[in-house]
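> Sequence below, structure please.
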Amino acid sequence: MSPERRRKLLVIAGAALAAPHFAFGQAPTRGKPWRIGYLAVRSRPTPASPDAYYDAFVRGLRELGYVEGKNIVIEWRFADGRPENLPRLAEELVKLNVDVLVTHSTPAAQVVQRATRSIPIVFIAVGNPVESGLAASLARPGGNVTGQANMTNEVSSKQLELLKNLMPSLARVAALVNPVNATGLVIVENIRAGAQRLGIRVLQADARSINEIDEAFVRMSQNQIQAVVVAPDSLFIARRTQVAQLALTHRIASAFAFQEDAAAGGLVSYGPAQTDVYRRGAVYVDRILRGANPGELPIEQPTVFELAFNARTAALLNIRIPPTLLTQADRVID
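Down below sits the predicted model:
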């Protein structure tokens, strides 16, 4: 990776968040532990299946002086990859009157925002907070929200280019999106624009639930789709192994946003370094617990991006990864 792509996350209008760095610090104190509510879209981690993103968030808190069981309590609520569970779980957290609400993904952030206009909200890894109505602007989000924008819709055209480089004869591509997620629809438009320049036809494949993921790949196969760009929706993240395996079963090359997707069997991934994004979410929690107004804390955008290939998947699909791309990769999974 070039030094430029190795840069740490930067802050939009950075003065507001410039002070905190990741070093063990002293958390603000009071008579009782701080209570953080976390609405998690994916499933509860287990020792056998840990979640690197959740771990990164907790690690970020610890580095700032917040330790579970000592000065903070994290109220976890897990939707198990089922968006229909989000409103009920959000209401549970609001009724607990937590000090800060944290969540990830655009749909979950929208659910939490509808659930409360008074409890501070920190969102992590949302697609585009302004276009989705979560924030008035990146510099001054307004209301009770702030956090981290993935801006993954902006890298979808790069993912399409990577697929074209891997498959020069590529002519038919699908965009797998959850139509409930506004970011996915923006991704489709970006892919269509890039595909037009490359002479590629695009099929929008919708999936709102676990069962519809299987149905979407059946439609792709029926339409002779050669490759798919998978939108970084929480549903697909929670079921990334299923998505990657379905693509392989149907002999469809797959492009994802995150390195963990390639590790799960996807052919290629390109997008923001997620563990950095989740770790930085702890900074927002810290600033709010110290009295900052969330609506005045600028929203960060990632500047650290990762490129990964799954060599085993490439071999199973009879795809040769050009040496020029391999030299650019941050990770090659064997």
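> Look up how far Trp34 lies from Leu316.
From Leu316 across to Trp34, the span is 48 Å (Cβ to Cβ, to the nearest Å). (Each C-beta comes from the backbone N, C-alpha and C, glycine too.)
> secondary structure element for the closest residue to Val155 other than its chain neighbours?
Taking Cβ to Cβ, 6 or more residues apart in numbering, and ignoring the residues beside it in sequence, Val155 has Gly271 as its nearest neighbour in space, at 5.2 Å. Using DSSP states H and E, Gly271 falls within strand 268-272.
> Can you tell me the strand partners of that strand and which way each runs?
strand 253-256 (parallel), strand 305-310 (antiparallel) (DSSP bridges).
> out of the ones you listed, nearest to Asn190?
strand 253-256 (12.8 Å; Cβ to Cβ).
> Name the residues that touch that closest one?
With Cβ atoms under 8 Å, 6 or more residues apart in numbering as the test, strand 253-256 has contacts from 159-160, 162-163, 166-167, 226-230, 232, 240, 243-244, 247-248, 262, 266-271, 313, 317, 319.
> Averaged pLDDT, it. What do you get?
For strand 253-256, mean pLDDT rounds to 98.
> Can you give the distance of it from its chain's centre?
16 Å (Cα atoms, centre = their mean, to the nearest Å).
> Reformat the strands paired with strand 268-272 as a markdown table; add distance to Ala207.
Output for the strands paired with strand 268-272, formatted as a markdown table (distance: least, Cβ to Cβ, whole Å):
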| stretch | distance to Ala207 |
| --- | --- |
| strand 253-256 | 14 |
| strand 305-310 | 22 |
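> show me where the chain has strands.
34-40, 72-78, 100-104, 121-126, 145-149, 172-177, 201-206, 227-230, 253-256, 268-272, 305-310, 331-333 (DSSP state E).
> could I get the ones you listed as TSV with distance to Val218 and mean neighbour count?
Compiled in TSV, the strands of the chain are given as follows (distance: least, Cβ to Cβ, whole Å; neighbours: other Cβ atoms under 10 Å):
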stretch	distance to Val218	mean neighbour count
strand 34-40	30	24
strand 72-78	29	18
strand 100-104	29	28
strand 121-126	29	28
strand 145-149	33	27
strand 172-177	12	26
strand 201-206	10	18
strand 227-230	13	28
strand 253-256	16	29
strand 268-272	23	27
strand 305-310	23	22
strand 331-333	27	16
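> Alright, that wraps it up for me.
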